[in-house]
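**Student:** just to be clear, the model below is a prediction. Sequence and coordinates:
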Amino acid sequence: MLPSDIKMNVLGVIPARGGSKGIPRKNLYTLCGKPLIAYTIKAAIKANALTQFIVSTDSDEIAETAKEYGASVPFRRPSELATDSSLAADVMKHAIIEMEKLDGIIYDTLVMLQPTTPLRTPEDIDNAVQKLHSTGCDTVITMKDVGATHPARMYKIVNDKLVSIMDEGTALRPRQELQHIYIRSGDVYACRRSVIFDQGSLIGKDCRPIIIPSKRAVNIDSMDDVILAEYYLKNLEYYWSS
């Protein structure tokens with residue numbers, strides 16, 4: 001949570017397009033009795049750091065569901081920004097422009113909350129925005145430790161032979177001796193307005209991490225991910241799942 005004397009206009013955006021190839025209607029897929037997007041909406045509602053949050057979608061069905069769970073859907077996303085090849089930065093830029101016209105203010109901070117990561121907490125959102133402000137960096141992203149899928153254990157196949165992508169000495173070291181490596185979890189991207197408009201990206205030159213536990217870093221891309229997310233929702237005490 002930001003200190004009370006800090007005034008920032010923070011826009012949260014949940015990008016939820018209608019098309020999905022891996023899991024049809026993925027953003028509305030029923031997860032433990034609720035549509036997938038509902039979990040992200042609830043976390044955004046409970047976060048303290050967001051001045052405003054919206055759902056950006058091209059789908060009337062998603063829009064109506066989002067409203068049922070308490071989200072604002074003030075416009076429809078253009079079809080050219082709702083394709084497989086659409087860039088997140090362009091989607092966010094469109095959302096900022098539209099919301100600044102509607103609200104009559106400048107949003108200096110943007111937070112992207114992908115609906116495919118249902119296990120984020122409101123605190124994850126608040127911590128990312130607070131770190132963005134306190135460090136003066138360009139971007140804060142939630143990350144998770146890669147764990148057993150460490151690059152030291154990865155290989156290329158060259159002429160039907162396994163070739164380590166790292167030196168062989170590193171590849172054979174015990175896991176406990178390997179340097180920690182992190183990957184984006186997809187839960188929270190917090191960045192300054194200037195990063196999107198001046199650099200055309202969500203990730204600026206000075207990017208900082210918020211590390212979250214792997215058990216909360218489930219990004220729904222396949223049915224295997226659905227099974228894992230449902231397991232954690234049923235067996236861990238996530239209060240927003242009730």
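**Tutor:** Yep, that arrived.

**Student:** what residue ranges in this protein score low on pLDDT?
**Tutor:** The model of the chain has pLDDT under 70 over residues 1-7, 168-176, 236-242.

**Student:** so the nearest residue to residue 204 once chain neighbours are set aside versus residue 64, what's the distance?
**Tutor:** Closest residue in space to residue 204, ignoring its immediate chain neighbours: residue 138 at 2.4 Å, by C-beta to C-beta, 6 or more residues apart in numbering. In short, each C-beta sits where N, CA and C put it, glycine included. Counting by C-beta to C-beta, to the nearest Å, the gap from residue 138 to residue 64 is 36 Å.

**Student:** got it, and residue 41?
**Tutor:** Taken as C-beta to C-beta, the span from residue 41 to residue 64 is 13 Å.

**Student:** those two: who's more crowded?
**Tutor:** residue 41 (27 against 11; other C-beta atoms under 10 Å).

**Student:** can I assume residue 221 is in contact with residue 117?
**Tutor:** No - using C-beta atoms under 8 Å as the test, residue 221 is too far from residue 117 to be in contact (10.3 Å).

**Student:** between those two, which is the more surrounded one?
**Tutor:** Set residue 221 next to residue 117 and count neighbours by other C-beta under 10 Å: residue 117 wins out with 25 against 14.

**Student:** give me the contact list for the lengthiest helix in the chain.
**Tutor:** With secondary structure taken from DSSP state H, the chain has its longest helix at helix 88-103. When contacts are defined by C-beta atoms under 8 Å, 6 or more residues apart in numbering, helix 88-103 is touched by residues 11, 13, 15, 52, 54, 56, 74-75, 77-78, 81, 106-107, 110, 112, 189, 193, 196-197, 200-202.

**Student:** now whichever strand or helix holds residue 11 and helix 88-103, what's the angle there?
**Tutor:** According to DSSP states H and E, residue 11 maps onto strand 10-15. If you take axes from the mean of the first three to the mean of the last three C-alpha atoms, to 10 degrees, strand 10-15 sits at 120 degrees to helix 88-103.

**Student:** elements contacting whichever strand in the chain runs longest?
**Tutor:** When the chain is parsed with DSSP state E, its longest strand is strand 182-192. The helices and strands touching strand 182-192, judged by 3 or more C-beta pairs under 8 Å, 6 or more residues apart in numbering; DSSP states H and E, are strand 109-112, helix 122-135, strand 139-145, strand 207-211.

**Student:** bridging residues for residue 145?
**Tutor:** With DSSP bridges as the criterion, residue 145 is bridged to residue 182.

**Student:** quick one: residues contacting it.
**Tutor:** 180, 181, 182, 211, 214.

**Student:** now residue 80
**Tutor:** Residue 80 neighbours (C-beta under 8 Å, 6+ apart): residue 86.

**Student:** backbone phi and psi for it, please?
**Tutor:** Backbone torsions of residue 80, given as degrees, to the nearest 10, read phi -70, psi -10.
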